[in-house]
Every structure is written in C-alpha cells, then in structure tokens.
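Engineer: Have a look at this prediction, sequence included:
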Amino acid sequence: MIYTADYDSPIGNILLAAEDGALCGLWFYGGKYFPALLGTAGEDKALSDARCWLDIYFTGREPDFMPLLRLSGSPFQTAVWELLRQIPYGETVTYGGLAARLAEKRGLKRISAQAVGGAVGHNPVSIIVPCHRVMGANGSLTGYAGGVEKKRRLLAMEGINTGKFTLPLRGTAL
C-alpha cells in the first residue's frame, strides 16, 4: 500500500509518498508531473525519514543520511537518477555533462542530452534525488518540473550563486 503525507516547505507544499518502508515520490503541489492518483494518507517510516531529511535540508545544511528510496522507471531513467544522486551538495552539472558520464559508463560514444533531460524531468523524488542541480549548457535554469523559481531557491539554499544562471527561453521546459 502507498501512504502519503504533506510536507510544508519554505518554498511550497510537497506531497510525499512511500511504500513498504521506502520513499517512492516527492512532488511540489502544482508541479508538472504531480501524480493524478496515489495512495492514502498514513504513516510509513520512509515518510518520517523524508520529513527529517527535508527539515535538515531546508535549514541550509546537507543531510548526513539518505532515506531508503524506491525509484520506479525504465533502466535508462534509473541510470540517470543514479547519476543525479552523485551530484555533490552545492554543485551543479549540465544535461550534456550527465549525458557524457552516462555514455562513458555504458561504453557508448554519446547519449543525447535531451534524452537525459527527459529522464531528469521525470525524477519521482525531487530534491532528495537532486534534479535541481542540473543546468542547461548555456547556464539556463531550464528543466525543473517544480518551476524555475523553486529551482533557483533550492540552489541558493545550497549556497550556489544563482546570479550566474539565466532564465530559460519561452518554449523550453519550465
């Protein structure tokens, strides 16, 4: 059974979802891929672990533990999400940089940055799996399902100078 709980963050309300002791979802209300139907309100150890992790994170500190996660996706998506988990707190990478790392890991010449961007965008556990740390090649804050302003605030919370990034052009993923 999937249990859900709300979390009131300083940058907007969040829905948490857990199943069998593992966090399987974290979405901002009103975000691009907010689930249409999910489980029932309840309690699961993963929900309390996620709330504790978020409490630490939103004070501007890097949490020293990771809640147990269950990420459901294609093999390609899960490989991208694993790379996201390796981006250090307070640092950013580009979609192209992630694509190059994944291509090297898989022994390929190249992987499309757009394909990687699609997988990043469908990350079911945002913030904890830090998709907000991925930028466009031109320094654009593009591609955050929770919205560009939330992405900017998350980066600033981690001590990243967000003044060096640009806003995405119309027509790009916001």
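Structural biologist: Now that the structure is in, tell me what you want to look at.
Engineer: hey, let's count contacts and neighbours off CA atoms from now on
Structural biologist: Fine.
Engineer: so what's the residue nearest the centre of the chain up against?
Structural biologist: Centre of the chain computed as the mean C-alpha position; nearest residue by Cα atoms, centre = their mean is Ser126, 2.7 Å away. Contacts of Ser126 were listed using Cα atoms under 8 Å, 6 or more residues apart in numbering, and they are Gly25, Leu26, Trp27, His132.
Engineer: Tabulate those residues in CSV, adding columns for secondary structure and distance to Val116.
Structural biologist: As requested, those are arranged in CSV below (DSSP: H, G, I helix; E, B strand; the rest coil; distance: Cα to Cα, whole Å):
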residue, secondary structure, distance to Val116
Gly25, strand, 20
Leu26, strand, 20
Trp27, strand, 20
His132, helix, 14
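Engineer: Out of those residues, which is nearest to Leu84?
Structural biologist: The closest of the contacts of Ser126 to Leu84 turns out to be His132 (Cα to Cα; 9.3 Å).
Engineer: in terms of contact, does that closest one touch Val148 like I think?
Structural biologist: No - counting by Cα atoms under 8 Å, His132 stays clear of Val148, with 9.1 Å between them.
Engineer: Compare those two and say which is more crowded by neighbours.
Structural biologist: Each of His132 and Val148 has its neighbours counted (other Cα atoms under 10 Å); His132 has more, 28 against 19.
Engineer: picking up where we left off before, who wins on neighbours among the contacts of Ser126?
Structural biologist: That'd be His132 among those, by other Cα under 10 Å, with 28 neighbours.
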